[in-house]
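Asker: Need coordinates for the following:
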Amino acid sequence: MDFHHFIELTLAFLFCAMTLVSLTVKLGFGSVIGYLLGGLIIGPSCLQVITDPTQIVHFSELGVIMLLFLIGLELEPKHLLKMKSEILRYGFPQVLLTGAVFTLFLLAMDTDLKASILISISLAFSSTALALQILQEKNALKTSVGKRTIPIILFHDMAVIVVLAILPLLALESQAPSSHKLPIWQGLLIFLATAILGHFLLNPLFRIVSRTKQREIFLAASLFIVIGMAYLMEMVGFSMALGAFMAGVLLADSEFRRQLEIDINPFKGLFLGLFFMSVGMSIQLDLFTKDPFSVLGYATFVVGVKIAVIYFLSRQMQLASSDRILISILLSQAGQFAFLILGRAKDLHIISSEETNFFFLVVTLSMIATPVLIVLFDKYIIAFINKNQSIDVDDHVKDIQEKGHHVVIIGYGRFGQISGRLLDSLNIATTIIDHDATHINGVKQFDHKVFYGDASHFDVITSAHISEACAVVLAIDDPEASFTCAQIIREQYPNVNIFARARNRLHYTKLAQLGIKNIKRETFDSSLNLAKDLLVSFGYEKSAAEELAGIFEKQDQKLLDDSIEFFEDRKKLIQFAKEAKETLIQEILEADEKLRGEE
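Answerer: The predicted model follows:
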């Protein structure tokens, strides 16, 4: 590729990003459809600005690599270990059942057994890039749907390593492995060694780089680590996506985490767009025009089977019916791993070139279907579900008509209901939002007006007219969803007064770090009241029990407030807590002695 051709490709890409992507986003179809259409238009099937899509395929995969790195940054190693059971419980059955259905179908279509297995497995994997892009656009990565989607995607990312490793065993013609690939046991050793060394060396490396105070040097180091780790894993036989993800996980608890996100995010967006355009370029319209019904039939079958299987398995995920449908649609497409697996299988003569090109088209159409189905879900399916759950249309958060001096209560469970009932008794206007449709139906029987909506989504918060509220009561049970909601409100409406429920001390600290002043720990007051009653039962006067409990409350609050700045420094926190405990004991004993003396 010469320089002038490179400039032409760059201009074509940027023009499509400015025009088609802007148009599809404005029409409500999301950015992915725009990139796919752009690739189709400038690809070999239309304008032929690019006649060979393979020229940019590997380059565009940098977008997937950077996306996996950023996802890894959000997952601290301890959280990843907690997810291991979910990864196996949700991911493995999905691939097994989907692959089994596809294999039986292909065998019935007289496809060779080995080819059927490979094609079926490749179709069972979903598109990491597409699913995560949609979750990010919907601000849903930290919602219940996002939390259930990520383990499945992670299983796909790890399972593809095994598939690529066993491909040569299925080959019809024996071929020597590539010179840069190592035996699997050596690859695993290098993987473990890289993880251990990275844990100890990456943070010191970034500290050294940060001392230069040169932003471009820090950016260069960031790109070097991400691409270098991905390339190393690819060299030893694993996927580049896994290497990038591992780099992100290793830096998840780093003090440089936020800066890394800021530096990598723009590159991720552009390269991910280029990846989707390369997919669009791979569409062979002549193959489609020859037998459109077969192509559409296979694509519809793939999407339909995956939706059915994932919806069936999602019953164990404890999700609302609307969320089960959403996660099924998010993962209904075949993904980028299908291009990788089928391309490699073709090189090993496991499947023919005709089969490869046919299923490339099927995979691409399944990817195009996902954003369209998401739009249908947002506009029609969710309204149909709510209607069948006896939630009237005017009970959806998007249709809130109340404006003016009111209180917004987000989360109307056992905690939020107390505030809501008191305000209602005083005829103070409230707008109440909850995400549990079944729970909403229950409280409606007691004449409580509750709107349906997931408050961790920006559009839901906007629809609640928070800018005109005199206060927001944040009573969500899930700490992560509560924190996400608080972040959005603080960023978009910094002058709104927030009264927040904290599930525990960690939750309290994270909310306090956002600048929220009015925070109540959900069990603290009731536990303290019980302790006061206990002291009275021991013979203390009620006033004495009140005074001792007051001293404890004051010191515990001081401990919590003073420890916010170093809460994540475990060693310093433990030392501080020990010193505070000694101070508390001393004050309590002195007060107790004084009270006894007064008797």
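
Asker: May I see the buried residues of stretch 486-493?
Answerer: Ala486, Ile488, Ile489, Tyr493 (16 or more other CB atoms under 10 Å). All C-beta atoms are positioned from the backbone trio N, CA, C, and that covers glycine.

Asker: right, I mislabeled it, should have said stretch 584-592
Answerer: Buried, per 16+ other CB under 10 Å, within stretch 584-592: Leu584, Ala591, Asp592.

Asker: same deal with stretch 565-575?
Answerer: For stretch 565-575, by 16+ other CB under 10 Å, it's Phe567.

Asker: From the opening residue of it to its closing one, how far?
Answerer: 14 Å (CA to CA, to the nearest Å).

Asker: Just give me the closest of the buried residues of stretch 486-493 to Ser278.
Answerer: Ile488 (33.5 Å; CB to CB).

Asker: what about the closest one, helix or strand, and which?
Answerer: helix 479-492 (DSSP states H and E).

Asker: residues making contact with that helix?
Answerer: Residues from elsewhere that reach helix 479-492 (CB atoms under 8 Å, 6 or more residues apart in numbering): 139, 142-144, 147, 410-411, 455-456, 458, 461-462, 466, 472, 474, 476, 496, 498, 500-504, 506-507, 510-511, 514-516.

Asker: Quick one, which of these are buried?
Answerer: Of the contacts of helix 479-492, these count as buried by 16+ other CB under 10 Å: 139, 142-144, 147, 410-411, 455-456, 458, 461, 466, 472, 474, 476, 496, 498, 500-503, 507, 510-511, 516.

Asker: that older thread, from the contacts of helix 479-492, which land in strands?
Answerer: Using DSSP state E, the members of the contacts of helix 479-492 that fall in strands are Ile410, Val472, Leu474, Ile498, Ala500, Arg501, Ala502.

Asker: ok, those residues vs Ser120, which is closest?
Answerer: Ile410 (43.9 Å).

Asker: Can you give me the separation between the closest residue to that closest one other than its chain neighbours and Glu61?
Answerer: Here the nearest residue to Ile410 in space, its sequence neighbours aside, is Ala455; by CB to CB, 6 or more residues apart in numbering that works out to 4.5 Å. Applying CB to CB, to the nearest Å, the value for Ala455 to Glu61 is 36 Å.

Asker: Ser366 now?
Answerer: Distance from Ser366 to Glu61, by CB to CB: 19 Å.

Asker: And for Ile152?
Answerer: 21 Å.

Asker: quick one: the helices in the stretch 401-550 of the chain?
Answerer: 416-425, 437-444, 458-463, 479-492, 505-513, 524-537, 542-562 (DSSP state H, counting those that start in this stretch).

Asker: about what we covered before: who has more neighbours, Ile152 and Glu61?
Answerer: Using other CB atoms under 10 Å, the more surrounded residue of Ile152 and Glu61 is Ile152, with 29 against 23.

Asker: thinking again about what came up before, got phi/psi on the residue nearest to Ile410?
Answerer: Dihedral angles of Ala455 (phi, psi; degrees, to the nearest 10) stand at phi -70, psi 0.

Asker: quick one: it and Ile433 touch, right?
Answerer: Yes. In this structure Ala455 lies within contact range of Ile433 using CB atoms under 8 Å: 5.4 Å.

Asker: how about Lys572, what does it touch?
Answerer: With CB under 8 Å, 6+ apart, Lys572 has these contacts: Phe566.

Asker: Does it lie in a helix or a strand, and which?
Answerer: helix 570-598.

Asker: Now find how far off-centre that helix is within its chain.
Answerer: 43 Å (CA atoms, centre = their mean, to the nearest Å).

Asker: now do stretch 559-572
Answerer: 28 Å.

Asker: for this protein, which residue is closest to the average position?
Answerer: Centroid check for the chain by CA atoms, centre = their mean gives Leu141 as the closest residue, at 2.8 Å.

Asker: Grab the nearest non-local neighbour of that residue.
Answerer: Looking at Leu141 with CB to CB, 6+ apart, the closest residue is Leu135, at 5.0 Å.

Asker: Excluding covalently adjacent residues, which one is nearest to Leu88?
Answerer: Phe155 (7.2 Å).

Asker: Met229 now?
Answerer: Nearest one to Met229, counting by CB to CB, 6+ apart, is Ala247 at 4.0 Å.

Asker: what does Pro44 give?
Answerer: Using CB to CB, 6+ apart, the closest residue to Pro44 is Thr51 (5.1 Å).

Asker: element containing that neighbour?
Answerer: Applying DSSP H and E, one finds Thr51 in no helix or strand.

Asker: Phi first, then psi, for it.
Answerer: Torsion angles, degrees, to the nearest 10, at Thr51: phi -100, psi -20.

Asker: how far away is it from Met281?
Answerer: 9 Å.

Asker: All the strands of this structure, residue numbers only.
Answerer: For the chain, the strands defined by DSSP E occupy 407-410, 430-434, 451-452, 471-474, 498-502, 518-521.

Asker: Confirm for me that the residue nearest to Met229 is in contact with Ala230.
Answerer: Yes. In this structure, Ala247 is within contact of Ala230 by CB under 8 Å, at 7.4 Å.

Asker: Quick check: neighbours shared by the two?
Answerer: Contacts common to Ala247 and Ala230, judged by CB under 8 Å, 6+ apart, are Phe69.

Asker: Kindly export stretch 37-57 (C-alpha atoms) in CSV.
Answerer: C-alpha atoms of stretch 37-57 as CSV (Å, rounded to 0.1, in the frame of the first residue of the first chain):
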residue,chain,number,x,y,z
LEU,A,37,-22.7,0.5,5.9
GLY,A,38,-19.6,2.7,5.4
GLY,A,39,-17.4,-0.4,4.9
LEU,A,40,-19.9,-1.9,2.5
ILE,A,41,-20.0,1.3,0.4
ILE,A,42,-16.3,1.8,0.1
GLY,A,43,-15.5,-1.9,-0.1
PRO,A,44,-15.1,-4.2,-3.2
SER,A,45,-18.8,-4.8,-3.5
CYS,A,46,-19.6,-1.1,-4.2
LEU,A,47,-17.3,1.9,-4.8
GLN,A,48,-14.1,-0.3,-4.6
VAL,A,49,-12.1,2.4,-2.8
ILE,A,50,-10.7,-0.7,-1.1
THR,A,51,-10.5,-3.8,-3.2
ASP,A,52,-8.8,-6.1,-0.7
PRO,A,53,-10.3,-5.8,2.9
THR,A,54,-7.5,-7.9,4.3
GLN,A,55,-5.2,-4.9,4.0
ILE,A,56,-6.8,-3.3,7.0
VAL,A,57,-8.4,-6.3,8.9
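
Asker: burial of the nearest residue to Val25 once chain neighbours are set aside, as a residue count?
Answerer: For Val25, ignoring the flanking residues on the chain, the nearest one in space by CB to CB, 6+ apart is Ser31 at 5.6 Å. Ser31 has 21 neighbours, counted by other CB under 10 Å.
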